[in-house]
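*Asks:* Make a model of this:
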Amino acid sequence: MLRTLHIRDFVIVDQAEIQFETGFTVFSGETGAGKSILIDALSLALGSRGDTSVLREGATRTDISAVFEPPASLHSWLSEHEFDIDDDLVLRRVIDNQGRSRAFINGLPVTLGQLRELAEHLVDIHGQHAHQSLLKSASQRDLLDAQGGQQALARQVQQAWQQWQQAEKTLITVRENAAALQEERERLEWQLSELDRLALHEGEWDDITNAHNRLAHAQALLDGATQALAALGEDEGSVQQGLNVASHQIRQLLRHDSHLQGVYESIESARIASSEAISDLNSYLDKLELDPAALAHAEQRMSAIFDMARKFKIEPAELPALQQSWRDQLALSQHAGNIDLLIKEAREGENAYRSLADQLSTARRQTGKKLTKQVTEVMQTLAMKGGAFEVSLNACEPSAHGNETVDFLVAGHAGTRPKPLAKVASGGELARISLALSVIASQAARVPTLIFDEVDTGVGGAVAEVVGRLLRELGERHQVLCVTHLPQVAARGSQHYEVKKSTSGSTTLSIIEPLDAQGRINEVARMLGGLKITDTTRKHAREMLLAG
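*Replies:* Numbers count the residues shown, from 1 in each chain. Model (predicted):
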């Protein structure tokens, strides 16, 4: 559940810290006081998009923190993402006046995607305009799938549809372009045959250029190495001879002065290195020989490789990579040109889609029957006695969303045939049906905190009392927060906050305050009677609160 919400420099809120309890909490206030700002601030902490427009006038940044008691269902997610499982789960969002946004979970920086992923386990928000989206077929379909817990299956259906359509598209393309594909395969086969005859392996060009360079300069290498060997150790006065003499002399002097030890070691190191160099040069000269035949072969091979590279307009060293690329293209072309295989893949894609779509259809029918009954029952208590709600599934051509369209039908009173929601429901009826759907969907919700942002718009009187009762009952199973303008709903709250504006000079701020018993009486009286509060409205407010 949500424990604390701290807001700083957000829209018209200077600073606010709100403590939350279990049960049903209401927020009320005059129009324009900033009641929905609370929901907007919490939405930011939960990963919604935001920009500099959310900053309070003159502020350098807005800073919002929400502290939750994490449900057990989140422990595995927190462990998987290497977060400590503490008593508190702190979500924080900072946006500065340059538009930079930062997000944190328990003090560690995270992405907005991670915040949103976490939010799915914590809070469900029903916005004040939710009833308007009910007029859209896509929203009705999404609500039905969510109510039945079939979102994952719906995504699988969409993916299977895309794979099936891609397979069909490939098959059509191949059939329409069979001649061009055959010509492309023949071109690739000819090019590969040219390179296959050359039989050039990876790195061969570097190897053969190095070998050619060595063979072409064999005499110079032979002469130079022989001269170096003589200078090192074979001629009189050679390096090796001088180092031997110097080593012997310094070793004798060491008996009289140990400070020469470093000099002696340096000479010894040079003497050993020269000995190794003499050995290496002898070995090199043993292997080095003049080989005109090998030189001719290297020149012939280099010429063949260079001619092939010139034919295909690339560098010689790039030929092996080009050969592999053409092999890959030919393999793809041969696969794409295999009509029988493509037909098989298309049929397999279709079968996979139809299997998943049939499962989704079955689930939608079951959920639709249950939702039809539940919403119809709630309508009887919301001044729509005799009315009926119906989830209608109509078969259609296969699509990314399954084999049927989803339509919500409603009959406002007894004796009328249900018709599409968009055609027959008045604004008030639509708001009430939306509220019924929200309450029913939330009863099945797994998240601990439910938020209703003026979803009671368009209702009043006795219906408003029913709305308050429904939300109060929901608060027995979840933590429920509700922004409301109805006194009948506010009176049902277990906790009550008032949101009001304060103006000082040219600055307007929104203040959120918890109400005590007398404060609640005054606020409910204001909601009942407007700006002028009388003893009569206070009495009525007191009675409503006692009844709640």
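
*Asks:* Give me the contacts around stretch 250-257.
*Replies:* Applying C-beta atoms under 8 Å, 6 or more residues apart in numbering, the external contacts of stretch 250-257 come out as 260-261, 263-264, 267. C-beta here means a position set from N, CA and C on the backbone, and glycine is covered the same way.

*Asks:* Go through those and say which is closest to N282.
*Replies:* I267 (22.8 Å; C-beta to C-beta).

*Asks:* In the helix or strand where that closest one lies, which residues are buried?
*Replies:* According to DSSP states H and E, I267 maps onto helix 261-287. By neighbour count, with 16 or more other C-beta atoms under 10 Å as the criterion, the buried positions of helix 261-287 are 264, 267, 270-271, 274, 277-278, 281.

*Asks:* can I get the residues you listed in CSV with distance to V391 and pLDDT?
*Replies:* Output for the buried residues of helix 261-287, formatted as CSV (distance: C-beta to C-beta, whole Å; pLDDT from 0 to 100):
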residue, distance to V391, pLDDT
Y264, 100, 85
I267, 99, 87
A270, 95, 87
R271, 98, 86
S274, 96, 86
A277, 92, 86
I278, 96, 84
L281, 93, 84
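
*Asks:* R185 and L330 touch, don't they?
*Replies:* Yes - using C-beta atoms under 8 Å, R185 is in contact with L330, at 6.5 Å.

*Asks:* check contacts around F408.
*Replies:* Here F408 is in contact with 134, 140, 389-392, 420-421, 433 (C-beta under 8 Å, 6+ apart).

*Asks:* Let's test this: mean pLDDT of stretch 10-28, rounded?
*Replies:* For stretch 10-28, the mean per-residue pLDDT is 91.

*Asks:* Would you map the strands across the stretch 301-450 of the chain?
*Replies:* Counting by DSSP state E, counting those that start in this stretch, one finds strands in the stretch 301-450 of the chain at the ranges 388-399, 402-411, 419-420, 449-453.

*Asks:* Return the alpha-carbon coordinates of the first one using PDB.
*Replies:* Output in PDB follows, covering the C-alpha atoms of strand 388-399 (Å, rounded to 0.1, in the frame of the first residue of the first chain):
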ATOM      1  CA  ALA A 388     -29.100  -4.300 -18.700                       C
ATOM      2  CA  PHE A 389     -25.500  -4.500 -19.800                       C
ATOM      3  CA  GLU A 390     -24.200  -6.900 -22.400                       C
ATOM      4  CA  VAL A 391     -20.800  -7.800 -23.700                       C
ATOM      5  CA  SER A 392     -21.300  -8.700 -27.400                       C
ATOM      6  CA  LEU A 393     -18.700 -10.700 -29.300                       C
ATOM      7  CA  ASN A 394     -19.100 -10.500 -33.100                       C
ATOM      8  CA  ALA A 395     -17.200 -12.800 -35.400                       C
ATOM      9  CA  CYS A 396     -14.900 -11.000 -37.900                       C
ATOM     10  CA  GLU A 397     -12.100 -11.700 -40.200                       C
ATOM     11  CA  PRO A 398      -8.900 -12.700 -38.400                       C
ATOM     12  CA  SER A 399      -6.800  -9.800 -37.200                       C
END
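
*Asks:* And P70, its phi and psi?
*Replies:* Note on P70: its backbone torsions stand at phi -70, psi 130 [degrees, to the nearest 10].

*Asks:* So, low pLDDT: which residues of the stretch 101-250 of the chain?
*Replies:* 127-133, 176-182, 234-236 (pLDDT under 70).

*Asks:* Quick one: the helices in it, in order.
*Replies:* Taking DSSP state H, counting those that start in this stretch as the test, the helices found in the stretch 101-250 of the chain are 112-119, 130-133, 137-147, 151-176, 178-198, 204-216, 218-229, 239-253.

*Asks:* Can I get those helices in TSV including mean neighbour count?
*Replies:* Listed next are these as TSV, based on neighbours: other C-beta atoms under 10 Å:
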stretch	mean neighbour count
helix 112-119	17
helix 130-133	18
helix 137-147	18
helix 151-176	16
helix 178-198	14
helix 204-216	15
helix 218-229	14
helix 239-253	14
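
*Asks:* Quick one: closest of these to R542.
*Replies:* Judging the helices of the stretch 101-250 of the chain by C-beta to C-beta, what sits closest to R542 is helix 130-133, at 32.3 Å.

*Asks:* looking at the strands of the stretch 301-450 of the chain, which is buried most?
*Replies:* strand 449-453 (a mean of 24; mean count of other C-beta atoms under 10 Å).

*Asks:* Buried residues in the helix or strand that it is followed by, which are they?
*Replies:* Downstream of strand 449-453, the next assigned helix or strand under DSSP H and E is helix 461-474. Along helix 461-474, these residues count as buried under the neighbour rule (16+ other C-beta under 10 Å): 463-468, 470-472, 474.

*Asks:* With stretch 471-486 instead?
*Replies:* Those would be 471-472, 474-475, 478-486, for stretch 471-486 by 16+ other C-beta under 10 Å.

*Asks:* which one of the contacts of F408 sits closest to T362?
*Replies:* Relative to T362, the closest of the contacts of F408 is V391; by C-beta to C-beta it sits at 14.0 Å.

*Asks:* Nearest residue to the middle of this structure?
*Replies:* G113 (4.7 Å; C-alpha atoms, centre = their mean).

*Asks:* give me phi/psi at the closest residue to it other than its chain neighbours?
*Replies:* Residue nearest to G113 in three dimensions, not counting chain neighbours: G47, with 7.4 Å by C-beta to C-beta, 6 or more residues apart in numbering. Note on G47: its backbone torsions stand at phi 110, psi 10 [degrees, to the nearest 10].

*Asks:* In contact with G47: list those residues for me.
*Replies:* Per C-beta under 8 Å, 6+ apart, neighbours of G47: 93, 103, 112-116, 118-119.

*Asks:* Any chance of the contacts of stretch 250-257 in JSON lines with distance to V26 as columns?
*Replies:* Converted to JSON lines, the contacts of stretch 250-257 look like this (distance: C-beta to C-beta, whole Å):
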{"residue": "L260", "distance to V26": "96"}
{"residue": "Q261", "distance to V26": "92"}
{"residue": "V263", "distance to V26": "94"}
{"residue": "Y264", "distance to V26": "95"}
{"residue": "I267", "distance to V26": "95"}
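
*Asks:* May I ask which two of the residues you listed are separated the most?
*Replies:* Pairwise distances across the contacts of stretch 250-257 peak at 11.0 Å for Q261 and I267 (criterion: C-beta to C-beta).
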